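Undergrad: sequence first, predicted model second:
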Amino acid sequence: MNDRSRRAILRDRTAAAHASLDGTIGGFDDLQAYKTYLFGMSAFRLPVEQAMAAAPWPARLAPFGSDSIGALILRDCADLGMAPATPVAAPTIAETPEAMLGMLYVLEGSALGARLLYRRAKALGLTESFGARHLAAQAAVTDRWPRFLALLEATEAIEIDRVAEASTAAFTVAEKAFKRAFHAA
């Protein structure tokens, strides 16, 4: 059976950008590698969250626009004695449901990866109260991804191509931030 859900379409259309980002981030198995990851995350997530906070949110998307991990990233950086990275330029977030859904597809999807990354961070001695707050916060919330997917499927009158373009733009900006972080390391 051919799965043509919007999630499947987005997964297919963003697969190359997502794989490229994942390949850039890789993993971390020591504290220095984690710091590099955190540096890249600060360069990406902080400007994206700032841009999203400035955008007017349609009522049905508002619950997803209110959660921020940026402050936790800053605290994690402070715990580890590091300054956050200079932010990359956030992708332009058009004031359309497609642009916001596309950005949320990347941000909400990253929470799934945070569960694995949090286990790795804990193995390095980092916790929800020292150095890995942002990962712990994302890993603790288990219902956001299914709620986001339900919203994605239920939202009427959207152009999935525009959602995919916004998602790809977010993946590209994230990859730029992480490449810069690894280059600085």
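TA: Yes, it's here. Numbers count the residues shown, from 1 in each chain.
Undergrad: wait, what's in contact with residue 182?
TA: Residue 182 makes contact with 24, 36, 40 under the criterion Cβ atoms under 8 Å, 6 or more residues apart in numbering. Where C-beta positions appear, they are placed from N, C-alpha and C, glycine not excepted.
Undergrad: was I right about residue 35 contacting residue 79?
TA: No. The criterion here is Cβ atoms under 8 Å, and residue 35 misses it with residue 79 at 10.5 Å.
Undergrad: those two: which has the busier surroundings?
TA: residue 35 (19 against 16; other Cβ atoms under 10 Å).
Undergrad: from residue 7, how far off is that one?
TA: 33 Å (Cβ to Cβ, to the nearest Å).
Undergrad: cool, residue 98 as well?
TA: Per Cβ to Cβ, residue 98 is found 15 Å from residue 7.
Undergrad: who has more neighbours, these two?
TA: The neighbour comparison of residue 98 against residue 7 (other Cβ under 10 Å) goes to residue 98, with 20 against 15.
Undergrad: which secondary structure elements does the biggest helix by length in the chain sit against?
TA: If you go by DSSP state H, the chain has its longest helix at helix 97-123. Counting contacts by 3 or more Cβ pairs under 8 Å, 6 or more residues apart in numbering; DSSP states H and E, helix 97-123 packs against helix 6-25, helix 31-54, helix 62-65, helix 133-140, helix 144-154, helix 160-184.
Undergrad: need the contact list for residue 105.
TA: Contact analysis of residue 105 by Cβ under 8 Å, 6+ apart lists 10, 14, 148, 152, 163, 166-167, 170.
Undergrad: can you do 6 Å?
TA: 10, 167 (Cβ atoms under 6 Å, 6 or more residues apart in numbering).
Undergrad: can you offset everything so residue one is 377?
TA: Sure thing, new numbering starts at 377, so read that last one as residue 481.
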